[in-house]
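> give me a 3D structure for the following:
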Amino acid sequence: MKRNAAENKTASQSNSRRHRYTKVLDNRKHPIRGLWHRNGNFIARIAVEEENGSKNMRWVPLAAKSAAEAQEEFRKLLVERSENRLRHIGLSPMFGEFYEQAYLPMLNASGKKPDTIITEKAHYKRWQEALGHLRVDKIRPSHIQDVLNKLRAVRSPRTCNLALVCLRHVLKAAKRDGYLKTLPSEDIAWQRTEIKARRLHTLTEIESICTAAFKPLYDGGHLAESGETGQPLKNAQQLADYLRFLAYSGAREQEALRVRWADVDFERCLLTIGADGDTKNREARRVDFNPALEAHLSEMFKRRAPDSQWLFPSPQRGERDEHSRTFRESLRLARKGAGLDKFGFHDCRHHFISYAVMSGIDYMTIARWVGHKDGGVLIGKVYGHLSNEHAQAQAARLNFGPALAVLSQPATG
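Down below sits the predicted model:
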């Protein structure tokens, strides 16, 4: 009995020594200030200022494998502290906890569009399921890549890239709050996406959709079938005005719906898009009138609703002055009536940019009209081939007139 008690006491003392902090000694067996050993690892003891101004001593695990490496790492800690960029000390929050408590309130107050926030939250839910049990500083590139590999098996490369963007937003917030020194997502490669060439629709095709909206082809939400009495679309004029406006201005679908008559300056020949700052890049832009846009706006102004400030007021606005929310259902029917099933609103913007390029307008001006912030770089990449094709087509039409006989005679001395 006594023997067992003595053995237990010895084992207890051994464990106590093993888990005890001991000073790190230099070559002269002198203790090195601020450095300790515990369980075979090097640990630094450093004073840290808390948010309330008080100072506390904290134990910081080091990656060093020798006393010399530990001294060098400790010196870096002191420099980081003096420059107010000291790494987070202590346990970092779980990924799910950080997202819910720190990032989500910031996302909700970001001013992003509701649809964008909904999309991002859907991606965050996926990341929470995969990484929610890990502390923020324990997330490794392998964890991230594993999730993306599984996602790629069922979703498109673009969806994978969007998921990675959303994760980076959270990790950047964690880095800003001091929980990370580097982002584990930094070296994750983007998925390659196939860029499909968008068909260039002519103005004749756009006009055919506008014309189809006025034809008696529709019965409710479908094309009239045999035995049914067809009717024109109820909002045929609004849809036609809207499509022409998009094609002549290069506006995006939702931007155009929010344009007011106050944004149309006939005197200065300027159209302001996004006067309220509610555009894709959060800035208003001005589009100079071209002849087609000016004529179209003048016609629309003659037919404007006297009780509305909007170019495209909602037919169901009642006493409240509201703009239309969408013309998608009307477009779906009208394009069927015109036999152009794959035509979309963005094709009008593509039409505007393409013909601006082929008209020889410089890329910087086009970029300013359509709201690109890169000075025309994207237009040069996506639409530059159009200007080359257009120039070659024009060159093929060049005619120098009848050949003169004198030109074919050899020169004489």
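
> which residues of the stretch 1-150 of the chain score low on pLDDT?
Residues of the stretch 1-150 of the chain that meet the criterion pLDDT under 70 lie in 1-19, 50-53, 84-90.

> so where's the stretch 151-300 of the chain shaky on pLDDT?
Looking at the stretch 151-300 of the chain by pLDDT under 70, you get 195-196, 278-281.

> please, where are all the helices along it?
Here the stretch 151-300 of the chain has its helices, by DSSP state H, counting those that start in this stretch, at 157-176, 203-214, 236-249, 253-257, 291-302.

> let me know which of the ones you listed is tucked in deepest.
Burial of those is given as mean neighbour count (mean count of other CB atoms under 10 Å); helix 236-249 ranks first at a mean of 22. C-betas here are computed from N, CA, C, even on glycine.

> got the angle between that one and helix 203-214?
Counting by axes from the mean of the first three to the mean of the last three CA atoms, to 10 degrees, helix 236-249 lies at 160 degrees to helix 203-214.

> off-centre distance for helix 236-249?
Computed by CA atoms, centre = their mean, to the nearest Å, the chain-centroid distance of helix 236-249 equals 28 Å.

> using CSV, write down the CA coordinates of that helix.
Extracted C-alpha coordinates of helix 236-249, given in CSV (Å, rounded to 0.1, in the frame of the first residue of the first chain):
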residue,chain,number,x,y,z
ALA,A,236,-46.5,47.0,-75.0
GLN,A,237,-45.6,50.7,-75.3
GLN,A,238,-43.7,50.6,-72.0
LEU,A,239,-41.8,47.5,-73.0
ALA,A,240,-40.9,49.0,-76.4
ASP,A,241,-39.8,52.3,-74.8
TYR,A,242,-37.7,50.4,-72.2
LEU,A,243,-35.9,48.2,-74.8
ARG,A,244,-35.1,51.2,-77.0
PHE,A,245,-33.9,53.1,-74.0
LEU,A,246,-31.5,50.3,-73.0
ALA,A,247,-30.2,49.9,-76.5
TYR,A,248,-29.6,53.7,-77.0
SER,A,249,-28.1,54.4,-73.5
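
> who are the packing partners of it?
Helix 236-249 sits against helix 203-214, helix 253-257, helix 291-302, helix 328-338, helix 346-358, with contacts defined as 3 or more CB pairs under 8 Å, 6 or more residues apart in numbering; DSSP states H and E.

> rerun at 10 Å
helix 203-214, helix 253-257, strand 270-273, helix 291-302, helix 328-338, helix 346-358 (3 or more CB pairs under 10 Å, 6 or more residues apart in numbering; DSSP states H and E).

> for Ala284, which of those is the nearest?
Proximity to Ala284, assessed across the helices and strands packed on helix 236-249 by CB to CB, is greatest for strand 270-273 (5.8 Å).

> list the neighbouring strands of the closest one plus their orientation.
Strand 270-273 pairs in its sheet with strand 264-265 (antiparallel), strand 285-288 (antiparallel), by DSSP bridges.

> show me the contacts for the closest residue to Gly384 other than its chain neighbours.
Closest residue in space to Gly384, ignoring its immediate chain neighbours: Val357 at 7.6 Å, by CB to CB, 6 or more residues apart in numbering. Val357 makes contact with 363, 366, 376, 379-380, 382-390 under the criterion CB atoms under 10 Å, 6 or more residues apart in numbering.
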